[in-house]
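Undergrad: coordinates only, sequence not included:
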């Protein structure tokens, strides 16, 4: 479903290990961006070509990412980034953290509605056109995530990284990895 009708590229990213937790978080952001772009392309594809095998596969990819990886990523941020910055002396940074936590809650609520649409879009057979409410949910979800990622990357991640020494970074990475291993 690229502009030339070619299948979409996979979600492969350069390998980053848990020993580099902020690089891992940033790699997750790149996958979020690709998943958001894929969501937009699914809607465009359905509008121009209807539901087909490509749109169904892409909807499954979007659903899989936001069902599985995104919750882990949010938990990583809340436990290892936001918590490090709590109680600091920067009111603007404290406001950013509060807003980012509200974003996580809003994204979760939006995703629960949008997920229902993606499940429907994945189903075989004829599908009704995408409803306006689904479009609006998708647009809001994409816009919220994009703004959220920018705040984290430009202000919050650098501030948290500056507060963590090598030992704390190693513990952070090990805990992130262990949570994923335990979730399987």
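TA: Looks like it arrived, so ask away. Since we're looking at a predicted model, the values are computed, not measured.
Undergrad: for this structure, give me the ranges with low pLDDT.
TA: 1-15, 184 (pLDDT under 70).
Undergrad: can you map out the helices along it?
TA: Taking DSSP state H as the criterion, the chain carries its helices at 21-49, 53-64, 70-76, 83-85, 91-122, 132-151, 157-163, 166-183.
Undergrad: same list, those, but as a markdown table with mean neighbour count please.
TA: For glycine as for every other residue, the C-beta is placed from the backbone atoms N, C-alpha and C. Putting the helices of the chain into a markdown table (neighbours: other CB atoms under 10 Å) gives the following:
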| stretch | mean neighbour count |
| --- | --- |
| helix 21-49 | 18 |
| helix 53-64 | 18 |
| helix 70-76 | 18 |
| helix 83-85 | 17 |
| helix 91-122 | 15 |
| helix 132-151 | 16 |
| helix 157-163 | 15 |
| helix 166-183 | 13 |
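Undergrad: need phi/psi at residue 130.
TA: phi -70, psi 130 (degrees, to the nearest 10).
Undergrad: need the contact list for it.
TA: By CB atoms under 8 Å, 6 or more residues apart in numbering, the contact list for residue 130 reads 43, 46, 47, 117, 121.
Undergrad: contact partners for the residue nearest the centre of the chain?
TA: For the chain, residue 32 is the residue whose C-alpha lies nearest the centre (CA atoms, centre = their mean; 3.8 Å). By CB under 8 Å, 6+ apart, the residues touching residue 32 are 65, 70, 73, 145, 149.
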